[in-house]
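Visitor: Predicted model, plus sequence, below.
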Amino acid sequence: MSRLATATRMGLREQARRPLLIVLLVALPFFFITRAIASTEPLPRTIGLPGGGGEVLTNMRDIHGANMAAITVAFLAGLVGLFIMQSAREADRRLVVAGFRPRDLLVPRFVVLTAAVALVVVVSLAVTALSFSPQQWWAFAAGTLLVGLIYGLIGVILGSTLGRLGATYIMLFGAMLDLGIVQNPMFGPGQPPAWGSLLPGYGPARVIVDAAFSTQFHAWGPLAVATVWLTGLALIARFALGRVVGVAWR
Amino acid sequence: MTRTGAFTREQLRSPFTLLLLVGVPAGFVAAAAGVLSDFATALGGSLAGDAASALSAGWAAAFIAGTLGFFAASSAKGADRRLALAGLGAGRVALARISSSFGIALLAAGAGFVALELVTGVAHPAHAAAAVLAFALVYLGIGVVIGSLVNGALEGSLAVAVIFLLDVFSGPGMSEQAAPWSVSRWAADVLIAAGVGQQSSARDWAEAAFVAALALFAAFATFVWSARSRV
């Protein structure tokens, strides 16, 4: 237990000693979300809600406001997952050789990742609240948190399996294509295409859209899809990271 | 093997990275070409049809070149400094590192441009290719400058992403008037004109070339400065 607590404390302290990182994690959502909302024209737009919620007439500015928090969180959580895990890889291997069990190192890394995602989500939601008010705040917050956790875990998996350059490309372009284009109701018919449901951002993005524009929650199906993605990715990330640090243990 | 060749081989030692360098910009151009026009309208811009599609190739090239430049300068900082101190000299190391990244960025920019030709076609392909190259050079410079100054991979890649997003969403076509900090606006002006079949003025060409050259000079100077002897 003390090893676990020590490794967690050290992991959090390591991140706290990176002032530029903290500044970027706080300033970036603030700047992007406020600017996105302010610079978008309130052009009328009809979008489709999930789970038989029908269609709703809203405007581009509100859709951008609802969607921008998710894009920003996915972007930041993915990179945090990718680089926090990569930077710790060599040190973790040495700690395993020194007697730490892989579990003693994996749990603290996931705690650090969750703390970073939580920070980005809280900042993003607070900034969104300045310019846009979703109909169902709790569901909106849950959807945004799901985006952060899903993309954070994707970052962990990519960081454990690919080189930094390749992993960064997939992470950044992937988040932009999935949440910024395919799931974004600002484009196309106002809801994602059928094949869009195969992407990791589908579940949380539909939860966010429903929570933002409907007074009743209809997105049970997308919520279930997001939960399946989260569980599956957590298992894969556990396996991928365990393989990386566990080599020395065996 | 030349120094530039060795550095290029180092970057491309994973075949999957090479696949991504070609596949990601092509995929982005194919996906973004259809939606950028709607997005520009929502932001109060006037970008439409072929101009929007053309701009997506410039964006893809810029982002790929920026991250590539960052990792090239950042990941081998220690080794490069030792190479410079061992007698190669900071200037020659900088030249080889930037040339190698330029070659790879050219490949990625070419993939985006070919995708653009296949998806929508371009009225002035030679002009568009030159403008996409200008995007890549400007961001290669930005990436190398950040990689030479910022240590953490997370902080550096975020910094490249911040500059890119600030730049392109405030650039020509995406807002009523391009913001003063939009560093790629001259390249974007040429690319948008090429996309809709218009000629760019000599002044537009000169400005785009000047900014690209300035970015490369800044990259070279910063790299040499960061690799200098501290003794």
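Guide: Happy to help now that I have it.

Visitor: burial of residue A:216, as a residue count?
Guide: Applying other Cβ atoms under 10 Å in any protein chain shown, we find 10 other residues in the vicinity of residue A:216. The C-beta positions use only the backbone N, C-alpha and C, and glycine is treated the same way.

Visitor: again, but for residue B:165
Guide: Around residue B:165 there are 19 residues (other Cβ under 10 Å).

Visitor: same thing with residue B:154?
Guide: 24.

Visitor: List the buried residues in the top helix by length along chain B.
Guide: Looking only at chain B and at elements set by DSSP state H, the helix with the highest residue count is helix B:90-119. Buried residues in helix B:90-119, counted by 16 or more other Cβ atoms under 10 Å in any protein chain shown: B:90, B:93-98, B:100-102, B:104-116, B:119.

Visitor: Leaving out chain neighbours, which residue sits closest to the residue of chain A found nearest chain B?
Guide: Closest contact between chain A and chain B, by Cβ to the nearest Cβ, is at residue A:83 (3.7 Å). With sequence-adjacent residues excluded and distances taken as Cβ to Cβ, 6 or more residues apart in numbering or on different chains, residue A:83 is closest to residue B:154, at 3.7 Å.

Visitor: Quick one: mean pLDDT over the helix or strand that the one you found is a member of.
Guide: Assessed by DSSP states H and E, residue B:154 sits inside helix B:153-168. Taken as a whole, helix B:153-168 has a mean pLDDT of 86.

Visitor: quick one: contacts of that helix?
Guide: By Cβ atoms under 8 Å, 6 or more residues apart in numbering or on different chains, the residues outside helix B:153-168 that reach it are A:18, A:20-21, A:24, A:28, A:32, A:75-76, A:79-80, A:82-84, A:86-87, A:164, A:168, A:172, B:59, B:62-63, B:66-67, B:70-71, B:74-75, B:139, B:142-143, B:146-147, B:150, B:174, B:181-185, B:188.

Visitor: quick one: the host helix or strand of residue A:73 to helix B:153-168, angle?
Guide: Residue A:73 belongs to helix A:60-97 when assigned by DSSP H and E. Relative orientation of helix A:60-97 versus helix B:153-168 (axes from the mean of the first three to the mean of the last three Cα atoms, to 10 degrees): 160 degrees.

Visitor: For the next helix or strand after helix A:60-97, name the packing helices and strands.
Guide: For helix A:60-97, the following helix or strand on the C-terminal side (DSSP H and E) is helix A:102-131. Counting contacts by 3 or more Cβ pairs under 8 Å, 6 or more residues apart in numbering or on different chains; DSSP states H and E, helix A:102-131 is packed against helix A:2-16, helix A:19-39, helix A:60-97, helix A:137-161, helix A:220-249.

Visitor: Quick one: closest of those to residue B:195.
Guide: Closest approach to residue B:195 among the helices and strands packed on helix A:102-131 (Cβ to Cβ): helix A:19-39, 22.5 Å.

Visitor: Figure out how far the closest one is from the centre of its chain.
Guide: 15 Å (Cα atoms, centre = their mean, to the nearest Å).

Visitor: Contacts only, for residue B:133.
Guide: Contact partners of residue B:133, counting by Cβ under 8 Å, 6+ apart, are B:61, B:106, B:109, B:212.

Visitor: what pLDDT does it get?
Guide: pLDDT, residue B:133: 91.

Visitor: Kindly report the same for residue A:211.
Guide: As predicted, residue A:211 sits at a pLDDT of 95.

Visitor: Pull the number of nearby residues for it.
Guide: Neighbour count for residue A:211, taken as other Cβ under 10 Å: 25.

Visitor: interface residues of chain A facing chain B?
Guide: By Cβ under 8 Å from any Cβ of the partner chain, the residues of chain A that approach chain B are A:18, A:20-21, A:24, A:28, A:32, A:35, A:39-41, A:43, A:60, A:64, A:75-76, A:79-80, A:82-84, A:86-87, A:162-166, A:168-170, A:172-173, A:176-177, A:181-182, A:184, A:186-188.

Visitor: Please pick the buried ones from those.
Guide: Buried, going by 16+ other Cβ under 10 Å: A:18, A:21, A:24, A:28, A:32, A:39-40, A:60, A:64, A:75-76, A:79-80, A:82-84, A:86-87, A:162-166, A:168-170, A:172-173, A:176-177, A:181-182, A:184, A:186-187, out of these.

Visitor: ok, residue A:36 touching residue A:64?
Guide: Yes. With contact defined as Cβ atoms under 8 Å, residue A:36 reaches residue A:64; the gap is 5.3 Å.

Visitor: Backbone dihedrals for residue A:47, please?
Guide: Here is the backbone geometry of residue A:47 (degrees, to the nearest 10): phi -130, psi 160.

Visitor: Tell me who's in contact with it.
Guide: A:55, A:56, A:58, A:63, A:185, A:190, A:191, A:209, A:213.

Visitor: Now with 10 Å, please.
Guide: By Cβ atoms under 10 Å, 6 or more residues apart in numbering or on different chains, the contact set of residue A:47 is A:55-58, A:62-63, A:66, A:184-186, A:189-191, A:209, A:212-213.

Visitor: Any idea what it is bridged to?
Guide: When bridges are taken as DSSP bridges, the partners of residue A:47 come out as residue A:56.

Visitor: And the pLDDT at it?
Guide: For residue A:47, the pLDDT comes out at 91.

Visitor: Quick check: the gap between it and residue A:143.
Guide: Using Cβ to Cβ, to the nearest Å, residue A:47 is found at 15 Å from residue A:143.

Visitor: Next: residue B:178.
Guide: In terms of Cβ to Cβ, residue B:178 sits 34 Å off from residue A:143.

Visitor: Which of the two has more residues huddled nearby?
Guide: residue A:143 (30 against 19).

Visitor: which residue is nearest the middle of chain A?
Guide: Centroid check for chain A by Cα atoms, centre = their mean gives residue A:148 as the closest residue, at 1.8 Å.

Visitor: I'd like to know how far that residue sits from residue A:50.
Guide: 20 Å.

Visitor: again with residue A:8
Guide: 37 Å.

Visitor: Ok, residue A:22 next?
Guide: 35 Å.

Visitor: Just want to know which of the two has more residues nearby.
Guide: Using other Cβ under 10 Å as the criterion, residue A:22 and residue A:50 rank with residue A:50 on top: 24 against 15.

Visitor: That one against residue A:224, yeah?
Guide: No. Taking contacts as Cβ atoms under 10 Å, residue A:50 lies outside contact range of residue A:224: 11.3 Å.

Visitor: what is in contact with these two at once?
Guide: By Cβ under 10 Å, 6+ apart, the residues touching both residue A:50 and residue A:224 are residue A:203.

Visitor: Can you give me the neighbour number for residue B:224?
Guide: By the criterion of other Cβ under 10 Å, residue B:224 has 18 neighbours.

Visitor: What residues does residue 20 make contact with?
Guide: Since you didn't name a chain, this refers to chain A. When contacts are counted by Cβ under 10 Å, 6+ apart, residue A:20 touches B:150, B:151, B:152, B:154, B:155, B:156, B:158, B:159.

Visitor: other chain: chain B
Guide: Contacts of residue B:20 by Cβ under 10 Å, 6+ apart are A:162-163, A:165-170, A:173, B:14, B:27, B:64, B:108.
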